[in-house]
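Undergrad: Could you work out the structure for the sequence below:
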Amino acid sequence: MFRKLFGLDKKEAAPIQPKEEVLHAPLTGKTVAIEEVPDPTFAQKMMGDGFAIEPTEGKVVSPVSGEIMQVFPTKHAIGIKTEAELEILIHIGLETVGMNGEGFTAHIKEGDRVQVGDLLVDFDIDLVRERAASTITPIVITNMDLLDSIDKELNIEVTAGETPVLTAKYNR
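TA: Residues are numbered from 1 along each chain as shown. Take a look at the predicted model:
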């Protein structure tokens, strides 16, 4: 009786799922269409869809609020999962895995919770220019099956952690 009287018999409501989610720029620079990335894995969207940034500085921040799912041992790539299950890969530069982490400093680890704008990785942009194929940094949604569509802001100057770049629209 008391349970009913005080509303204690009600089941917890399922969390409300967003209809869309916004990704902010994880780097300062200029946005580029994913199809223009000079690497077929990204350009042909083999890993998913997204955009890339030609960075002007060596600092990567979180584009969303969520959990760090993976930090590659070489610190050149990070996987983040949002509360709504969106999975995002940030791949710093092209062919940077061969640098074996040299010039990269991770400020997060797997399992960490992050907010938009939290510092993820610092990298020596000049060293990446010298030793890797490119500094262009793809940002890819790897589980596009959750989404109906994405809208991107391309060929614009962006500021890390501030500029909205992509809106993902869920199919739920």
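Undergrad: Name the next helix or strand downstream of the lowest-mean-pLDDT helix or strand in the chain, please.
TA: Sorting the helices and strands of the chain by mean pLDDT, DSSP states H and E puts helix 2-5 at the bottom, at a mean of 47. Using DSSP states H and E, the helix or strand that follows helix 2-5 towards the C-terminus is strand 20-24.
Undergrad: Can you tell me the centre-most residue of the protein?
TA: residue 88 (4.2 Å; C-alpha atoms, centre = their mean).
Undergrad: check contacts around it.
TA: Counting by C-beta atoms under 8 Å, 6 or more residues apart in numbering, residue 88 makes contact with 23, 50, 63-64, 66, 79-82, 139-142. All C-beta spots, glycine's among them, are computed from the backbone N, C-alpha and C.
Undergrad: ditto for residue 54
TA: Shown in contact with residue 54 (C-beta under 8 Å, 6+ apart): 29, 30, 32, 135, 136, 137.
Undergrad: Put the buried members of these into a PyMOL selection.
TA: A single PyMOL command is used to select the members of those judged buried by 16 or more other C-beta atoms under 10 Å:
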select buried, resi 29+30+32+135+136+137
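Undergrad: Just the closest of the contacts of residue 54 to residue 117, please.
TA: Nearest to residue 117 among the contacts of residue 54 is residue 29, at 15.7 Å by C-beta to C-beta.
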